[in-house]
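Engineer: predicted model and sequence follow; I will ask about them next.
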Amino acid sequence: MQSSSPKRKTSFYLLAGFFGLFILFLYGPMLSIFILSFQGVQGSMTFPLRDASTHWFGDLFTSTRYGDLGGAFRRSMIMAIAALALTAVICFFAGLAFRKRFWGSGPIFYLAIVSLVIPGLLLSFGIGQMFQLSGMPLHWMISGLGAHLSWTLPFGLLIMFAVLNRFDSSWEEAARDAGATPSQILRYVTLPILFPGLIAVALFGFTLSYDEFPRSLLTLGTRNTLPLEVANMTSSVTTPALYAIGTITTVISLVVIAVAFSAIAIVQRRRSKRMATS
Amino acid sequence: MINKDWVPYLQVAPLAILMVLFVAIPLAVLVTLSFWLSDGISLTPTFSFDNYKAVLTSFLTWKLLLATLKFAVLTWFFTLVIGFTCSYFLVFHVKNLKLQIALFLLCTIPFWTSNVIRMISWVPFLGKEGLFNSFLMMLGIIDRPLEFLLFSDFAVVLTYVHLFTLFMMVPIFNSMAKISPSVIEAAVDAGASPFMILKDIIIPLTRTGIALGSVFVVTLVMGDFFVIRVMGGGQSSNIAAAMKNNIDQLYYPDAAAMAVFLIIAVLVPIVVILRIVDVRAELAR
């Protein structure tokens, strides 16, 4: 597949062009609301940008028009961090368990797949009704977090499967032969080797919970998280303030992604350095 | 010391408990609820098929099902074409592995940001005074803004493609990356044309990815109730949106019957796809 013949070159440029357009399609709209969130006081929700300012960001914090944005943001953060930790720990151990066939492994796996493909609204409705019919009040940190985990855990599990696919269990056997206890093997062999994959699982746990809308809808009780507030704003707010909140939450997501990517890169660079020196 | 046989059960227990609590039981509650009756104020626990009768005999339900399927098929088609082409480019035309991974990650980053925001971001593009209309008017292609761009079926499908192409692309990319370059080299040496390689080698070997991506996209589109409401501007609807209306009006049993109907409607395409492609057998490959 050398690109020596002129024909192959044309197909390369055509495909590269198509790919470039796809990237533009993915990022262009995001970029435009980023720019428009700096709209001036008199500016509208569309281009052109008039008298660029940070007015609408300030408006989000000072105006009472937008409800409890600060509280919603705080709850979203707490839930996302809880989802991150629980998803990483639960999926790590579940992934290890699924390496062997055990009684009930099939049904548990299928339940996770069902949770992945079932419309979020249905599950949201079911969880909400389960709590209400059994007389338990809905609470964002109980029913809400449970609903989020129904979404983050299957994703985390599938990533663990992919990570474990490339994991050579002879490392563990070698440690066992050398006399390591199961907990020592876990701590000094399995966990360090799987750590980069575990960061990816954690990234999914955080971002999927932080942005989750349908599964939050009927499970949070009286308090909202940020995606719900933003979704409400789409019908009530007709100023660039909507873009300003969009920019803020997207920037937070991007920072989290950057932190996760760098962490994985650092771990792997250290690893390859150690391999080179030893 | 714990007996060794118990280790997997202890390891999987938290996942199993949460899956039963927040997936299995809620679904059982939905099914139970669909047989109950409601007068809009209080629920009556009973075993009645009235809700199903109402759902299945209403002309509106079938109209909504048709709309749901229409959006699913359109979105499936566009995400498949785009997802396949982009994966094909990355796997077979980007030789530098680091660049390939970097470009792949570039495609996946939006997945980790908010869908609600990504949907809203089309508003400044598609509106009457939006970028697209201004651009076309500047070029002199049109002299009046196109009205159908925003708040229309067009906007709904465009948003779906924007949001969900990734779900098609990632599994296809995975399948394609597993194809051994030597297979293709052998075909080239044997005189196969690029089109033959695509048709007889690449497409058959990526069918697992295509099947998984299709399951994702079809279920995501069929379960959506929000994009269709906001981007459709109140003109379009589907089963999930109608169900959401029932919930808002506190007609829970009706909504539950509709939910079961939707689950069956979602299951049919999944079963068809998995009948065509044996995903489990191919994943183990």
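Structural biologist: Sure, I can see it.
Engineer: the helix or strand in which B:Thr61 is found - what's its average pLDDT?
Structural biologist: When secondary structure is defined by DSSP states H and E, B:Thr61 falls within helix B:59-93. Helix B:59-93 carries an average pLDDT of 95.
Engineer: helix or strand right after that helix?
Structural biologist: Next along the chain after helix B:59-93, taking DSSP H and E as the criterion, comes helix B:97-108.
Engineer: report the buried residues of that following helix.
Structural biologist: B:Gln100, B:Leu103, B:Phe104, B:Cys107 (16 or more other CB atoms under 10 Å in any protein chain shown). For glycine as for every other residue, the C-beta is placed from the backbone atoms N, C-alpha and C.
Engineer: the inter-axis angle of the helix holding B:Thr61 versus helix B:97-108?
Structural biologist: Between the axes of helix B:59-93 and helix B:97-108, defined by axes from the mean of the first three to the mean of the last three CA atoms, to 10 degrees, the angle is 160 degrees.
Engineer: and helix B:59-93, how far from the chain's centre?
Structural biologist: Put simply, helix B:59-93 sits 8 Å off its chain's centre (CA atoms, centre = their mean, to the nearest Å).
Engineer: what do you get for stretch A:83-98?
Structural biologist: The gap between the average C-alpha position of stretch A:83-98 and the chain average comes to 15 Å, counting by CA atoms, centre = their mean.
Engineer: any part of that stretch near chain B?
Structural biologist: Yes: with CB under 8 Å from any CB of the partner chain as the criterion, chain B is reached by stretch A:83-98 at A:Val89, A:Ile90, A:Cys91, A:Phe93, A:Ala94, A:Leu96, A:Ala97, A:Phe98.
Engineer: which residue is the nearest non-sequential neighbour of the fifth one?
Structural biologist: By that I understand A:Ala94. B:Leu15 (4.1 Å; CB to CB, 6 or more residues apart in numbering or on different chains).
Engineer: among the residues of stretch A:83-98 next to chain B, who's most crowded?
Structural biologist: Neighbour count (other CB atoms under 10 Å in any protein chain shown) singles out A:Cys91 as the most crowded of the residues of stretch A:83-98 next to chain B, with 30 neighbours.
Engineer: so who does that one touch?
Structural biologist: For A:Cys91, the contacting residues are A:Leu153, A:Gly156, A:Leu157, A:Ile159, A:Met160, A:Val201, B:Leu15, taking CB atoms under 8 Å, 6 or more residues apart in numbering or on different chains as the criterion.
Engineer: report how many residues lie close to the third one.
Structural biologist: It stands for A:Leu157. For A:Leu157, the tally of surrounding residues (other CB under 10 Å) stands at 27.
Engineer: per-residue pLDDT of it, please?
Structural biologist: The model reports A:Leu157 with a pLDDT of 94.
Engineer: which helix or strand contains it?
Structural biologist: Secondary structure assigned from DSSP H and E places A:Leu157 in helix A:145-165.
Engineer: CA atoms only: put that helix into PDB for me.
Structural biologist: Extracted C-alpha coordinates of helix A:145-165, given in PDB (Å, rounded to 0.1, in the frame of the first residue of the first chain):
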ATOM      1  CA  LEU A 145     -26.100   8.500  41.500                       C
ATOM      2  CA  GLY A 146     -27.600   5.000  41.100                       C
ATOM      3  CA  ALA A 147     -29.100   6.000  37.700                       C
ATOM      4  CA  HIS A 148     -25.700   7.500  36.700                       C
ATOM      5  CA  LEU A 149     -23.900   4.300  37.700                       C
ATOM      6  CA  SER A 150     -26.300   2.300  35.500                       C
ATOM      7  CA  TRP A 151     -24.800   4.200  32.600                       C
ATOM      8  CA  THR A 152     -21.100   4.500  33.700                       C
ATOM      9  CA  LEU A 153     -20.600   0.900  34.900                       C
ATOM     10  CA  PRO A 154     -21.400  -0.900  31.600                       C
ATOM     11  CA  PHE A 155     -19.000   1.400  29.800                       C
ATOM     12  CA  GLY A 156     -16.300   0.900  32.400                       C
ATOM     13  CA  LEU A 157     -16.800  -2.800  32.200                       C
ATOM     14  CA  LEU A 158     -16.400  -2.900  28.400                       C
ATOM     15  CA  ILE A 159     -13.200  -0.800  28.700                       C
ATOM     16  CA  MET A 160     -11.900  -3.200  31.400                       C
ATOM     17  CA  PHE A 161     -12.500  -6.100  29.000                       C
ATOM     18  CA  ALA A 162     -10.500  -4.300  26.300                       C
ATOM     19  CA  VAL A 163      -7.700  -3.500  28.700                       C
ATOM     20  CA  LEU A 164      -7.600  -7.100  30.100                       C
ATOM     21  CA  ASN A 165      -7.600  -8.500  26.600                       C
END
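Engineer: helices or strands next to the helix or strand that that helix is followed by in the packing?
Structural biologist: Note on helix A:145-165: by DSSP H and E, the next helix or strand toward the C-terminus is helix A:170-177. Contact partners of helix A:170-177 among helices and strands, from 3 or more CB pairs under 8 Å, 6 or more residues apart in numbering or on different chains; DSSP states H and E: helix A:182-185.
Engineer: buried residues, the helix it packs on. List them.
Structural biologist: Neighbour-count burial for helix A:182-185, with 16+ other CB under 10 Å as criterion, is recorded at A:Ile185.
Engineer: pLDDT of the helix or strand just after it, averaged?
Structural biologist: Heading C-terminal from helix A:182-185, the first helix or strand you meet, by DSSP H and E, is helix A:191-210. The pLDDT scores in helix A:191-210 average 94.
Engineer: and helix A:191-210, how far from the chain's centre?
Structural biologist: Once both centres are worked out by CA atoms, centre = their mean, helix A:191-210 turns out to sit 9 Å from its chain's centre.
Engineer: that one close to chain B?
Structural biologist: Yes: under the criterion of CB under 8 Å from any CB, chain B is reached by helix A:191-210 at A:Leu203, A:Phe204, A:Thr207, A:Tyr210.
Engineer: for the closest residue to chain A within chain B, which non-adjacent residue is spatially closest?
Structural biologist: Using CB to the nearest CB, B:Gly223 is the residue of chain B that sits closest to chain A, at 2.4 Å. When the adjacent residues along the chain are set aside, B:Gly223 lies closest to A:Pro119, with 2.4 Å between them (CB to CB, 6+ apart).
Engineer: would you list every one of the helices in chain A?
Structural biologist: Under the criterion DSSP state H, chain A contains helices at A:6-36, A:55-62, A:69-97, A:105-117, A:120-133, A:145-165, A:170-177, A:182-185, A:191-210, A:214-217, A:226-236, A:241-277.
Engineer: ok, and which of those has the densest surroundings?
Structural biologist: Relative to the other members of these, helix A:214-217 carries the highest mean neighbour count by mean count of other CB atoms under 10 Å in any protein chain shown, namely a mean of 26.
Engineer: is that one up against chain B anywhere?
Structural biologist: Yes: residues of helix A:214-217 are located near chain B by CB under 8 Å from any CB, namely A:Pro214.
Engineer: which strands and helices sit next to that helix?
Structural biologist: For helix A:214-217, the packing partners by 3+ CB pairs under 8 Å, 6+ apart come out as helix A:120-133, helix A:145-165, helix A:226-236.
Engineer: for the second one, what is the distance to the chain centroid?
Structural biologist: Its chain's C-alpha centre lies 11 Å from the corresponding centre of helix A:145-165 when counted by CA atoms, centre = their mean.
Engineer: could you list the low-pLDDT ranges of the stretch 151-285 of chain B?
Structural biologist: For the stretch 151-285 of chain B, the stretches flagged by pLDDT under 70 are B:280-285.
Engineer: alongside chain B, which residues does the stretch 151-278 of chain A contribute?
Structural biologist: Contact residues of the stretch 151-278 of chain A with respect to chain B, defined by CB under 8 Å from any CB, are listed as A:153, A:157, A:182, A:203-204, A:207, A:210-211, A:213-214, A:218, A:227, A:230-231, A:234-235, A:242-243, A:246, A:249-250, A:253-254, A:256-257, A:261.
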